[in-house]
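Undergrad: missing the sequence, but the structure's below:
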């Protein structure tokens, strides 16, 4: 008898929304909305992001992280709070933790190509001479994630009884980040069983392309850690704190973490590629009136996305 893996998170098909008829779209909006309200996580297939592009960016990321430490450090830009280029080990920690996560990472941000004056807000991306394809492929993957993310936010807008294009202008040339994270092999008994301590994401939604090794877990409503095991070609999407705040806690930003693999897999590094979908910094995150009810009284003071991001980057140690 084959064992069946019980899914921790629901699975939806994005093509059902993008290419489906009215009935398909309505069903998708309900499935996605219910998942985000009840669990805060969903798996997405038929998302339109090329498997080849994902694989090519994985290979380019591996090549970058395999470079000597001294070479990688050339691409660490002081004063940018890790928002572009390389961040070495031990810089970032979860906001309630003093222990740095066991990871190094590289971040690629928005490339403004249409003369939008917002370009002045964004630092340039960092190009790695020793891994020429890395930033180019990353920028291409960034665009593909942006497109899939915009479709998901249109479905969320409909679920919240907002106009379908509610988020379009707010995320256009937004402050999203593509992050390639490398967790090195574990070579000795670790001080902590955790590669990335429990946390919630800052942004609207996160799109995570299947990591090269397991370890991702979410904290469910019963306060139990549940493993998330994505299938092939599945992207894991979760609600970030900005969307939770906008919806006055109606949509859940669920706590998650990355745990160490079983001892027999310690020698394997883990590569993970999340896309943190952010709006422009001037987006108003004041709670939507539709989400304030007697049973769900107003929980948050008004703030813009940019102010909120700065507050959070300070909490996790990336911004002084």
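TA: Received the coordinates, thanks. All of these numbers come straight from a predicted model, not from anything done at the bench.
Undergrad: helices along the chain, start to end?
TA: Ranges of helices in the chain, per DSSP state H, are 14-18, 22-38, 51-65, 69-73, 132-159, 168-171, 241-246, 305-315.
Undergrad: what's the closest of those helices to residue 215?
TA: helix 51-65 (16.5 Å; Cβ to Cβ). Backbone N, C-alpha and C define where each C-beta goes, glycine included.
Undergrad: now that closest one, how far from the chain's geometric center?
TA: In terms of Cα atoms, centre = their mean, to the nearest Å, the centre of helix 51-65 is found 17 Å from the chain centre.
Undergrad: give me the angle between that helix and helix 132-159.
TA: On the basis of axes from the mean of the first three to the mean of the last three Cα atoms, to 10 degrees, helix 51-65 is oriented at 130 degrees to helix 132-159.
Undergrad: point out the other helices and strands that helix 51-65 packs with.
TA: Counting contacts by 3 or more Cβ pairs under 8 Å, 6 or more residues apart in numbering; DSSP states H and E, helix 51-65 is packed against strand 104-109, helix 132-159, strand 177-183, strand 270-277.
Undergrad: mind redoing it with 10 Å?
TA: Packing contacts for helix 51-65, counted by 3 or more Cβ pairs under 10 Å, 6 or more residues apart in numbering; DSSP states H and E, involve helix 69-73, strand 104-109, helix 132-159, strand 177-183, strand 205-209, strand 270-277.
Undergrad: how about the first one: buried residues?
TA: Buried residues in helix 69-73, counting neighbours by 16 or more other Cβ atoms under 10 Å, are found at residue 72.
Undergrad: hmm, back to that, mean neighbour count, the helices of the chain: which tops it?
TA: The highest average neighbour count among those, using mean count of other Cβ atoms under 10 Å, belongs to helix 241-246 at a mean of 23.
Undergrad: which intervals of the protein have sub-threshold pLDDT?
TA: Applying pLDDT under 70 to the chain flags the ranges 1-5, 90-101, 190-196, 210-213, 316, 318-320.
Undergrad: mind listing the residues bridging to the residue nearest the centre of it?
TA: Nearest to the mean C-alpha position of the chain, counting by Cα atoms, centre = their mean, stands residue 206 at 2.8 Å. Beta bridges link residue 206 to residue 238, residue 276 when assigned by DSSP bridges.
Undergrad: state the distance from the nearest residue to residue 8 once chain neighbours are set aside to residue 72.
TA: Leaving out its chain neighbours, the residue that sits closest to residue 8 by Cβ to Cβ, 6 or more residues apart in numbering is residue 226, at 4.3 Å. Separation of residue 226 from residue 72 (Cβ to Cβ, to the nearest Å) stands at 34 Å.
Undergrad: ends of stretch 154-163, what's the gap?
TA: 8 Å (Cα to Cα, to the nearest Å).
Undergrad: same thing with stretch 105-114?
TA: 28 Å.
Undergrad: can you give the distance of that stretch from its chain's centre?
TA: Using Cα atoms, centre = their mean, the mean C-alpha position of stretch 105-114 is found 15 Å from that of the whole chain.
Undergrad: shift numbering so it begins at 28
TA: Taking 28 as the first residue, the last one we looked at is stretch 132-141.
Undergrad: give the buried residues for that stretch.
TA: Buried positions in stretch 132-141, judged by neighbour count with 16+ other Cβ under 10 Å: 132, 133, 134, 135, 136, 137.
Undergrad: now swap in stretch 111-118 and tell me
TA: Under 16+ other Cβ under 10 Å, the buried positions of stretch 111-118 are 111, 112, 113, 114, 118.
Undergrad: quick one: which of these is nearest residue 309?
TA: Using Cβ to Cβ, residue 111 is the member of those that lies nearest residue 309, at 20.3 Å.
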